[in-house]
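Asks: got a structure for you, letters missing:
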């Protein structure tokens, strides 16, 4: 159900909408110059390929509006190279561009449903997290986005280390043998006051969605924040240093190794659950066995290696699936039965989770978990 809602929202599909002609055009993009200059031509060629398929298979009256939408979706932003790929999804009630942060393969598909594997993969592989950059100057707050992070700039952030938290000169302790210790204690207390105030400003974001936090700042700042903040249990990673003068994209490049580790941890958690359910007989593995469950996906979770594909054959009469063509003439070839299983899972109100290649070896690269 989660994937179904996500795809509906992301592509703009109304629940139950009848999109009889669904166009999916997915194009890999170059991110660096001079190769990036080839993006516009690559997109144009892929869109023209989709138009040719439409013109060969449908009347002008049915496709003129769809072709117009395809043309309107091609904007300068889609050629800019901020993403590793772009997808255009067009139907009678849909016209959507999606930028992909991960490498994609070119796909041009005109069918009665959208090519959604890359959409779901992007959703699965981009963890939702916050980035908090502590500073004695201005504390900055970022929220993860599909292609990076976005800095929150409003009446609350960036948050200056205000006068009320600074050390008033008139309160300085008298010079004595323990002057350094007293000053350190006062410094920590004013930091704690500042972080308690920071917590109040963070509260609306965590109330809306509790996410892991990547914490940035020098060591003593992080140590005091962890002792003081009510959100210390959300801290998933930390980077030491001052990030005051880095742009959002520069901060993202710094934290990317930590984001990668979050992805690995997410995979580990999924596989741990899969192994636990497998030990009590609540998993099915292999495309042939999972295909038999195609009509009963409600509440179930499909786990798939990200690039796994498999051709197969279906007996038209009894709908049995086999990896090898059987005897007789009633076998229909499916070029990628994994895509079909993904669509059946989404349509049956199940959930799809992708993991890195090689993680599901003992499960034949694909597994279905029952609740």
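Replies: Done, it's in. Bear in mind the structure is a predicted one, so any value in this text is a computation, not a measurement. Residues are numbered from 1 along each chain as shown.

Asks: what about the chain, any weak spots by pLDDT?
Replies: Filtered on pLDDT under 70, the chain yields the residue ranges 1-19, 77-82, 162-184, 318, 328-329.

Asks: Relative to residue 260, how far out is the nearest residue to residue 158 once chain neighbours are set aside?
Replies: The shortest distance from residue 158 to any non-neighbouring residue, by C-beta to C-beta, 6 or more residues apart in numbering, is to residue 138 (3.9 Å). All C-beta spots, glycine's among them, are computed from the backbone N, C-alpha and C. Distance of residue 138 to residue 260, given as C-beta to C-beta, to the nearest Å: 28 Å.

Asks: next structured bit after the strand or helix carrying residue 197?
Replies: Using DSSP states H and E, residue 197 sits in helix 179-208. Downstream of helix 179-208, the first helix or strand assigned by DSSP H and E is strand 213-217.

Asks: All the helices of the stretch 251-371 of the chain, residue numbers only.
Replies: 287-291, 337-347 (DSSP state H, counting those that start in this stretch).

Asks: Redo those as a markdown table? Include distance to residue 93.
Replies: Listed next are the helices of the stretch 251-371 of the chain as a markdown table, based on distance: least, C-beta to C-beta, whole Å:
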| stretch | distance to residue 93 |
| --- | --- |
| helix 287-291 | 30 |
| helix 337-347 | 18 |
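
Asks: looking at these, which is closest to residue 252?
Replies: helix 337-347 (29.3 Å; C-beta to C-beta).

Asks: Now find how far off-centre the closest one is within its chain.
Replies: 19 Å (C-alpha atoms, centre = their mean, to the nearest Å).

Asks: who's in contact with it?
Replies: Here helix 337-347 makes contact (C-beta atoms under 8 Å, 6 or more residues apart in numbering) with 3-4, 7, 113, 115-117, 120, 287, 290-291, 294, 297, 300, 302, 304, 308-312, 321, 334, 351-352, 366.

Asks: Take those and keep only those in strands.
Replies: 302, 304, 312, 321, 334, 351-352, 366 (DSSP state E).

Asks: Put the buried members of those into a ChimeraX selection.
Replies: The buried residues among the ones in strands among the contacts of helix 337-347 can be selected in ChimeraX (16 or more other C-beta atoms under 10 Å) with this line:
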select :302,304,312,321,334,351,352,366
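
Asks: I am finished for the moment; much appreciated.
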